[in-house]
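# fold the following.
(4 chains)
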Protein chains: 4
Amino acid sequence: MKETLFSLEMKVRDYECDMQGRVNNAVYLNYLEHARHEFLLSRQISFADLARRGINLVVTRAELDYKLPLTSGETFMVNLDLERISPLRFAFSQEIRRTSDQKLVLVAKIIATGVNDRGRPELPPEVTALLAT
Amino acid sequence: MKETLFSLEMKVRDYECDMQGRVNNAVYLNYLEHARHEFLLSRQISFADLARRGINLVVTRAELDYKLPLTSGETFMVNLDLERISPLRFAFSQEIRRTSDQKLVLVAKIIATGVNDRGRPELPPEVTALLAT
Amino acid sequence: MKETLFSLEMKVRDYECDMQGRVNNAVYLNYLEHARHEFLLSRQISFADLARRGINLVVTRAELDYKLPLTSGETFMVNLDLERISPLRFAFSQEIRRTSDQKLVLVAKIIATGVNDRGRPELPPEVTALLAT
Amino acid sequence: MKETLFSLEMKVRDYECDMQGRVNNAVYLNYLEHARHEFLLSRQISFADLARRGINLVVTRAELDYKLPLTSGETFMVNLDLERISPLRFAFSQEIRRTSDQKLVLVAKIIATGVNDRGRPELPPEVTALLAT
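Next up is the predicted model:
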């Protein structure tokens, strides 16, 4: 990641671990989403409010590189950067690092866009403003 | 609850909300479990370590009274009390309260026991010691 | 259960198992909910449609007795009965049985009601009609 | 996908939908994993048995292209193809298609390997045999 716009510390919960004793692959997408939504909230953009207004921020592509598994009790940082990649699409660069030794757990690229209630691509003005900064 | 032995503050994550915009019923069991495991950890008892040693702490009964739904962005406390109810069984009294107004969200009673790797009821010594305090 | 109004066969998915190699406690609530919603659909009542119309069917109490854990690969039946218990509340009796030997895995009682978009208790007419049969 | 080695039909469950009324992004990874494990089982390879023997099949990279959201009540096929891409790594090509109109919902590439109980890359013989066919 070039830059870290936002960081969120979280901790593995036991119910997120599977029979291998590791955090299940799908759960990392939950972590990444939660960090993105908390980042948006820190900029006064509420995913939930947008959804209620019929504007859905949606992921169109996700690339995930799993480097190291998280296990029970571990704390980690989810770091995030954001850039606009086309008029209607933006990309989050995200990484998860284990707190204890700062080792990379996962690297992700998440491409997203906005869709209005008629199913058409549309970025809400607050997201457009955020991307312009 | 007569007494609060342990409290954990948590925050709703958007992926935990369902199409009604409220935290899904099943997710509250996740919250309650996480608070119990964090409580045990605070007493040097690791659910994960016990599982690796072949001793499984298992829930035998859960009673949940849903009072008020949690929604996106809300923070809440999970409070917990613990008592032994028979030689091999113990009961957690748990409640969830919304941070903003302290209103009751959920009241729960969770009965649990231990099962060893031969499938027999058995409490590990550290849990027995905890229950004696 | 006195009577079985509806049955649904399902199969454990590996991501539903936790570090103990057993289906996590909270996941059984997912199974029970899915069976209830499929039952309602079989009677032409869609939980999703109701939610879109601002009528939320909500669980007010759940009692769960865990008898036997489900593990990877097992198939099971979720059986269900329904009765009205007051003008605005209804109760599902549910049980989960392992297909291989019909052993009881879980017994549950789920109390539910309806809430309209002003937050007031209200049963939609199709649910009232269902309860009258 | 060049070829479909295995297909599994599934149905959206309401608890898998989020506040947008759509299946949450992370849940698709659950669907894909379940289809892979069912495929392996159809070839007499049990992910759970391998885990118990200390051999973990792990995902090292996932690429997901979200084309169309699934919503409440929809049924879909998860199709899968498999190829070896290096001595110790294999790739699943997977796609999800909505049953009603066969439209593409998601396209995925999942890279996986095996890790033994000393943390070293190792493919179990049954997986090596499968990849040789």
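# quick one: name the residues of chain A near chain C.
A:14, A:15, A:17, A:18, A:19, A:20, A:21, A:24, A:26, A:72 (CB under 8 Å from any CB of the partner chain). C-beta here means a position set from N, CA and C on the backbone, and glycine is covered the same way.
# pull up the residues of chain A that are close to chain D.
A:19-20, A:22, A:24-27, A:29-30, A:33, A:48, A:51, A:56, A:58-66, A:69.
# how about the helices of chain A, start to end?
A:25-42, A:47-52, A:125-132 (DSSP state H).
# got the angle between the longest one and helix D:25-42?
This points to helix A:25-42. Going by axes from the mean of the first three to the mean of the last three CA atoms, to 10 degrees, helix A:25-42 is angled at 180 degrees with respect to helix D:25-42.
# quick one: contacts of helix A:25-42?
A:5-6, A:8, A:10, A:16, A:46-47, A:62, A:64, A:66, A:76, A:78, A:80, A:82, A:92, A:94, A:96, A:105-106, A:108, A:110, A:130, B:13-15, B:73, C:15, D:24-27, D:29-30, D:33, D:59, D:62 (CB atoms under 8 Å, 6 or more residues apart in numbering or on different chains).
# picking that back up, can you put the helices of chain A in TSV and add mean neighbour count?
Output for the helices of chain A, formatted as TSV (neighbours: other CB atoms under 10 Å in any protein chain shown):
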stretch	mean neighbour count
helix A:25-42	22
helix A:47-52	18
helix A:125-132	14
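# those into JSON lines, with extra columns for mean pLDDT and distance to residue C:117?
As requested, these are exported to JSON lines (pLDDT from 0 to 100; distance: least, CB to CB, whole Å):
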{"stretch": "helix A:25-42", "mean pLDDT": "98", "distance to residue C:117": "25"}
{"stretch": "helix A:47-52", "mean pLDDT": "90", "distance to residue C:117": "12"}
{"stretch": "helix A:125-132", "mean pLDDT": "92", "distance to residue C:117": "26"}
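# among those, which comes closest to residue B:122?
helix A:25-42 (30.6 Å; CB to CB).
# that closest one vs helix A:125-132, what angle?
Going by the same axes, to 10 degrees, helix A:25-42 makes 90 degrees with helix A:125-132.
# so how far is helix A:25-42 from its chain's centroid?
How far helix A:25-42 lies from its chain's middle: 4 Å, per CA atoms, centre = their mean, to the nearest Å.
# repeat for stretch A:19-28
Relative to its chain's centre, stretch A:19-28 lies at 17 Å (CA atoms, centre = their mean).
# would you list the helices of chain A in TSV and tack on distance to residue D:123?
Below are these laid out as TSV (distance: least, CB to CB, whole Å):
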stretch	distance to residue D:123
helix A:25-42	19
helix A:47-52	41
helix A:125-132	44
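# dump the residue contacts of the residue nearest to residue A:72 when sequence neighbours are not counted.
In space, and not counting its chain neighbours, residue A:72 is closest to residue B:48: 3.6 Å by CB to CB, 6 or more residues apart in numbering or on different chains. Residue B:48 is in contact with A:14, A:17, A:21, A:71, A:72, A:73, C:19, counting by CB under 8 Å, 6+ apart.
# quick check: the farthest pair among the residues of chain A next to chain C?
Counting by CB to CB, the most remote pair of these is A:26 and A:72, 17.1 Å apart.
# one step back: what's the closest of the residues of chain A next to chain C to residue D:86?
Distances from residue D:86 to these, taken by CB to CB, are shortest for residue A:20, at 22.2 Å.
# surely that closest one meets residue D:52?
No: contact criterion CB atoms under 8 Å: residue A:20 and residue D:52 do not qualify, at 9.9 Å.
# can you list residues touching both of the two?
Counting by CB under 8 Å, 6+ apart, residue A:20 and residue D:52 have no shared contacts at all.
# please list the residues of chain A that sit near chain B.
Going by CB under 8 Å from any CB, the residues of chain A near chain B are A:13-15, A:17, A:21, A:30, A:33-34, A:37, A:41, A:46-48, A:51-52, A:71-73.
# nice, that's everything, thank you.
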